[in-house]
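**Student:** quick one, what's the 3D model for this:
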Amino acid sequence: MSRPATDSPLDDLQARINTFWNWRGDTRQPGGLAIRNQQELQVWMEVLRAWLPAAPADAVDLGTGQGFLALVMAALGHRVRGFDVAQAQLERAREFAANVSNPPVFAIGDAIEPPLEPSSVDVIANRNILWTLLDPARAFRNWFAALRPGGRLIALHGITNANSTAITPEAKARDEAAYAEEVKARLLPIRRLPTVDPALPLIREAGFGDVAVHRIQAIESFEKAFENRDKTWLVITAARA
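**Tutor:** Sure, this is the predicted structure:
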């Protein structure tokens, strides 16, 4: 979801995270990582339309996973690339993209240090990766640098509220191994919490303006009706002046 291992003290920690997300994303069944039906796609399209520029724009989905957000932006007519460090997830994303008329381009890439030229894209978006970043301040600085003047940041954070879903023993064990205390100590303190407030000062320090947080009740209502899941969805929007 975030970055591949490099020659740094964070190598081992990042390798654990990468291993978990390769396992987590190695499924062809639509679920929380992929668009499940046309109604879900329409709900997300209507939500994102308000924060995206007029199509076609150059948009990037960082930590794309199985391509959920990239496919939504592509359905709105944008030129989209999706990057992730989990190869298994990218394989699923490409399979889903093969069935659409405006497929995103997917490639290996680091959410913290994305393979983007300075001032080269109009939108940087992500979904459920804020809490995975081992160096969030550096990520925000790099995202700011990659945006063109007037470019937009859209960072979505969704959490399942307590006691509203089950987790298998294997998934729980793998999650705990990947997100041990030494990893969690480096992350934004928002994991499984309905807040993005700790990210806001770092986003402003990176140079972004017009920083705002919105609650997305349309998506919450859809997921409640579709699978009786009680979730909170928040989005940070910001711009490069």
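**Student:** let me see the ranges of the strands in the chain.
**Tutor:** Along the chain, counting by DSSP state E, strands occupy 58-62, 79-84, 105-108, 121-127, 147-160, 209-215, 231-239.
**Student:** JSON lines for those strands, including distance to L71, mean neighbour count and mean pLDDT?
**Tutor:** (Glycine included, C-beta is placed from N, CA and C.) Shown next, in JSON lines, are these (distance: least, CB to CB, whole Å; neighbours: other CB atoms under 10 Å; pLDDT from 0 to 100):
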{"stretch": "strand 58-62", "distance to L71": "9", "mean neighbour count": "27", "mean pLDDT": "98"}
{"stretch": "strand 79-84", "distance to L71": "8", "mean neighbour count": "26", "mean pLDDT": "97"}
{"stretch": "strand 105-108", "distance to L71": "10", "mean neighbour count": "16", "mean pLDDT": "97"}
{"stretch": "strand 121-127", "distance to L71": "11", "mean neighbour count": "24", "mean pLDDT": "98"}
{"stretch": "strand 147-160", "distance to L71": "14", "mean neighbour count": "19", "mean pLDDT": "97"}
{"stretch": "strand 209-215", "distance to L71": "21", "mean neighbour count": "13", "mean pLDDT": "98"}
{"stretch": "strand 231-239", "distance to L71": "17", "mean neighbour count": "20", "mean pLDDT": "98"}
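**Student:** out of the ones you listed, nearest to L193?
**Tutor:** With CB to CB, the closest approach to L193 among the strands of the chain belongs to strand 147-160: 6.6 Å.
**Student:** for the closest one, which strands pair with it and how are they oriented?
**Tutor:** Strand 147-160 pairs in its sheet with strand 121-127 (parallel), strand 231-239 (antiparallel), by DSSP bridges.
**Student:** so T132 makes contact with D84?
**Tutor:** No - contact criterion CB atoms under 8 Å: T132 and D84 do not qualify, at 11.0 Å.
**Student:** circling back to that earlier point, turn the strands of the chain into TSV, including distance to A185.
**Tutor:** Output for the strands of the chain, formatted as TSV (distance: least, CB to CB, whole Å):
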stretch	distance to A185
strand 58-62	23
strand 79-84	24
strand 105-108	27
strand 121-127	22
strand 147-160	20
strand 209-215	24
strand 231-239	23
